[in-house]
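1. Predicted model and sequence follow; I will ask about them next.
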Amino acid sequence: MATSPTPAAERENYLNTEYGIRSWLLTTDHKRIALLYLLLITFFFFIGGFFALLIRLELLTPAGDLVQADTYNKLFTMHGQVMVFFFLIPAIPAVLGNFLIPIMIGAKDLAFPRINLFSWYLLVIGGLLMMYTILTGGADTGWTFYPPFSTAFAKSQVVTAALAIFVAGFSSILTGLNFIVTIHRMRAPGMTWSRLPLFVWANYATSIIQVLGTPVLAITLMLVALDRLFDFGIFDPQRGGDPLLFQHLFWFYSHPAVYIMILPGMGVVSEVVSCFSRKRIFGYKFMALALIAIAVLGFLVWAHHMFVAGISLYAALVFSLLSYLVAVPSAIKVFNWTATMYKGSISYATPMLYAFGFIGLFTMGGLTGLFLAALGVDVHVTDTYFVIAHFHYIMVGGMVMAYIGGLHFWWPKISGRMYPEAWGKLAALIIFVGFNLTFFPQFVLGYLGMPRRYWQYSPEFQVLNVLSTAGATILAVGYVLPMVYFLWSMRYGKVADENPWGAAGLEWMTASPPPIFNFDETPVVTWEAYDYANLKEVAVEP
Amino acid sequence: MVGERGIMSAHVVPKKTYIAVWITLMILTVVTAAVSRIDLGKVSAIVALTIATGKALLVVLFFMGVKYISQKMTIVVIVAGIFWLAILMVLSMADYGTRLWS
Amino acid sequence: MGMWVFLITEIMFFGGMFTAYMVYRYMYYQAFVAGSEKMDFWWGTINTVVLICSSLTMALAVRSSQIGQRKALVVLLIITMLFGCVFMGIKAIEYTGHWKEHQFPGTNFHFEGPDPQHVEIFFSLYWAMTGFHALHMLIGIIIVGVIAFYSWRGKYGPDYYNPVENVGLYWHFVDMVWIYLYPLLYLISHKHGG
């Protein structure tokens, strides 16, 4: 490591190479595009979070007293749509993936830099459509758009919401396409598939899902729009249609979508756990294969969202069995992370705290998924808060923690500065406490029978709801802290050198922040991934 | 940028081959149109789809050049696309096909 | 490789509609037979021939770019576009006819015969599937036009013909969708009405 790192401002890097708004809005540099995405999805995280807070405020009391029932329907719909399509799906791939993948494979940029910028603009356009939807009253169908309510009865902004998501979906498809071609074609000499960091493998698996699944969502939303605009009746039982057909098509994408959200998080955790255990990842090959297995198996389980909707019992049996199978590769990953830590030299920097949080909370979320995959249990807890707790454990306890942990881990690389470590640890702790207080009571609530999407509830559920709302407030504080200190650190943070964590990986062998083309010379890789035993120096920087 | 010479690389397909494929496609179109006029019951769907798949294969292999590509990865991509569509169709039919069983 | 990855997204996009078609045809076969009898067999067949011819000219155009025959390239691309326009024209004729015959779903729909609800579903799928196909054709015609323009300017030759090849792949794909739509929409019934 360098002894006295030159502050970023004195050395040319991707941040200071050009100034002015045009140099950002017309950039094709994957690193700048990653930051553009960071701004955009942070904005949407606030919007989605705002709806969540309103939901939790309403649920402080059993009566429906804060908002009308119809308004409440809009709150949870917009919360879901914004969070899923404008935060969770893009977050890790478009921010961390965009920034890191070319550097991790030793390339100068992605395969299609202009398509990368176009992807960002698509998300902006989708976002504008979504803001328009919100400002003109929002949709009230639930994020799942089920017909015939969405097509024949809803009097809300269903078409514009569908259009917004349609456009955002194309952003997702193009990002996936870009990553696939990049990883296949642009690896540096010596960077074989078996030397790729697991973060790259994770984004590769994610990209496969994005490319194969999102188009089905696109056509399904189009059919809903046609149904609504031109009165097609294609899903309307009163017109001879089958509402379950919509559900099949919708969940064919939306189940794999949850793997789009979690796989990149798993990639982050592998990088962080390896670094802060000073040990190579246990079972690299199985970890990579597990990622691919999750991506593939994830496409075979969608009708577990439809167990009580009216599908045939035999189909339900098949999908239940397949849903159990998909848990296996996820479990392999949890075991391997644990094995990585065993006899490792563990340090507790902020990113590692988030990784710990991920492993524990993802496991809980995943196990409760198995409860839901069991047909008998599902009949009891489906459409209750049990399901809500289950997926929030994975999405928020898993993915969001991995995302924030990843931001902390690579912050020095992205900005050239360290964030304040004590605040980092404090925020992680607040988030962990707030998260569990918010969502653990919801498992109990669901088991006791509180239905989801209801704006009023039976009085005996109040105590648990109040706990949940209290937790949500704490969680909100926890989320705001990093935003504040990351911004602070850009001016006042300790200047970072190339490799403040002593981590393995090509991204740690170039300056922080990196030069505009990532490396001064194309690296030639002659070592295996996670080679913590002998950390090599590549002569790429004076 | 990726492969500026294109995936067909140096292989130039002779005009004759394209014309032959075109004639075959025309013949198959006539066949499928003519056969459809015969009442074959359930079999007519299978016949029609088989002919359509034959035509599609001709387009993919010759017009789109897949017969001449050296990169196996492209074949993997195409097969994956078809396989995934099959997943959607087959597993959906797992529901619809068995609804009347109980 | 990027173009092929994009094309499999299109397979899944159209695939959603083909799945819906398969499910409803499986459940309401007679209604689909009845609906298909209302298709214009001759227009559909002519359109199939038109698209196959356009694929030939497109393939020949790509070949011309590979061997540096600029003039042939431009001419073949323009002929491809013309075939595309003929296709769109015939679809316009068909659509107008269907609209006049109250075969557009919604309040205007009318069908004399058994199970009109499911015949309406057949037509919903007809309009949706051929509508999205036509939209893809239109985009294709425009892009071929752009490529034709650049070809005329001499941009493509044996050292650089990737865009021509990629547009060709897109065009052939759209043709292939029609190769399946034709028998599935026009040829279900062995009686062909009009």
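-> Yep, it's here.

2. Look through chain B and tell me its longest helix.
-> For chain B, the longest helix by residue count, based on DSSP state H, is helix B:72-96.

3. What average pLDDT does that helix get?
-> When pLDDT is averaged over helix B:72-96, the result is 93.

4. That one and chain A, are they touching?
-> Yes. Looking at helix B:72-96 against chain A by Cβ under 8 Å from any Cβ of the partner chain, the contacts come from B:73, B:80-81, B:84, B:87-88, B:91-92, B:94-96. From N, CA and C alone the C-beta is placed, and that goes for glycine too.

5. tell me, how many neighbours does residue 50 end up with?
-> No chain in the question, so chain A it is. Burial measure for A:Phe50: 16 neighbouring residues, criterion other Cβ atoms under 10 Å in any protein chain shown.

6. not what I meant, chain C
-> Around C:Val50 sit 21 other residues, with neighbours defined as other Cβ under 10 Å.

7. do C:Phe149 as well
-> 12.

8. That one is in what secondary structure piece?
-> According to DSSP states H and E, C:Phe149 maps onto helix C:116-152.

9. Report whether that helix contacts chain A.
-> Yes. Contact check for helix C:116-152 against chain A, using Cβ under 8 Å from any Cβ: residues in range are C:117-118, C:120-121, C:124-125, C:127-128, C:132.

10. now that helix, how far from the chain's geometric center?
-> Mean-position distance between helix C:116-152 and its chain equals 6 Å (Cα atoms, centre = their mean, to the nearest Å).

11. Which element is encountered next along the chain beyond it?
-> As assigned by DSSP H and E, the chain's next helix or strand after helix C:116-152 is helix C:162-181.

12. Does residue 52 lie in a helix or a strand, and which?
-> Unless you meant another one, I'm taking chain A. Assigned by DSSP H and E, A:Ala52 belongs to helix A:30-58.

13. wrong one, I was asking about chain C
-> For C:Ile52, the secondary-structure element it belongs to, assigned by DSSP H and E, is helix C:41-66.

14. That helix near chain B at all?
-> Yes. Applying Cβ under 8 Å from any Cβ, one finds that helix C:41-66 is in contact with chain B at C:41, C:45, C:48-49, C:52-53, C:55-56, C:58-60, C:62-63, C:66.

15. Looking at these, point me to the pair that's furthest apart.
-> In terms of Cβ to Cβ, the residues of helix C:41-66 next to chain B reach their longest pairwise distance at C:Phe41 and C:Gln66, which sit 38.2 Å apart.

16. Show me which of these two is the more surrounded one.
-> For the pair C:Phe41 and C:Gln66, the greater number of neighbours falls to C:Gln66 (23 against 19), based on other Cβ under 10 Å.

17. and the more buried one, what pLDDT?
-> Residue-level pLDDT assigned to C:Gln66 equals 93.

18. follow-up on the earlier one: can I get the residues of helix C:116-152 next to chain A in CSV including neighbour count and distance to A:Leu88?
-> Supplementary listing: these in CSV, determined by neighbours: other Cβ atoms under 10 Å in any protein chain shown; distance: Cβ to Cβ, whole Å:
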residue, neighbour count, distance to A:Leu88
C:Gln117, 17, 39
C:His118, 23, 39
C:Glu120, 25, 38
C:Ile121, 30, 34
C:Ser124, 29, 33
C:Leu125, 24, 32
C:Trp127, 20, 34
C:Ala128, 22, 29
C:Phe132, 18, 28
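
19. A:Glu271: which of those residues is nearest?
-> The shortest distance between A:Glu271 and any of those, using Cβ to Cβ, involves C:Phe132 and amounts to 41.3 Å.

20. my read: the closest one touches C:Gly15, true?
-> No. Contact criterion Cβ atoms under 8 Å: C:Phe132 and C:Gly15 do not qualify, at 11.7 Å.

21. so where is chain B shaky, pLDDT-wise?
-> When residues are selected by pLDDT under 70, those of chain B lie in B:1-10, B:102.

22. in it, what residue is nearest chain C?
-> Among the residues of chain B, B:Gly81 lies nearest to chain C; the distance is 3.1 Å by Cβ to the nearest Cβ.

23. quick revisit: dump the C-alpha coordinates for the helix or strand that the helix holding A:Ala52 is followed by into CSV.
-> Under the assignment DSSP H and E, the closest C-terminal helix or strand after helix A:30-58 is helix A:69-83. Presented in CSV, the C-alpha positions along helix A:69-83 are these (Å, rounded to 0.1, in the frame of the first residue of the first chain):
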residue,chain,number,x,y,z
ALA,A,69,-59.5,2.8,2.5
ASP,A,70,-59.0,3.6,-1.1
THR,A,71,-56.1,5.9,-0.3
TYR,A,72,-54.5,3.1,1.8
ASN,A,73,-54.7,0.8,-1.2
LYS,A,74,-52.8,3.4,-3.2
LEU,A,75,-50.2,3.7,-0.4
PHE,A,76,-49.2,0.1,-0.4
THR,A,77,-49.4,-0.1,-4.2
MET,A,78,-47.1,2.8,-4.7
HIS,A,79,-44.8,1.6,-2.0
GLY,A,80,-44.4,-1.7,-3.7
GLN,A,81,-44.1,-0.5,-7.2
VAL,A,82,-41.6,2.2,-6.5
MET,A,83,-39.5,0.0,-4.2
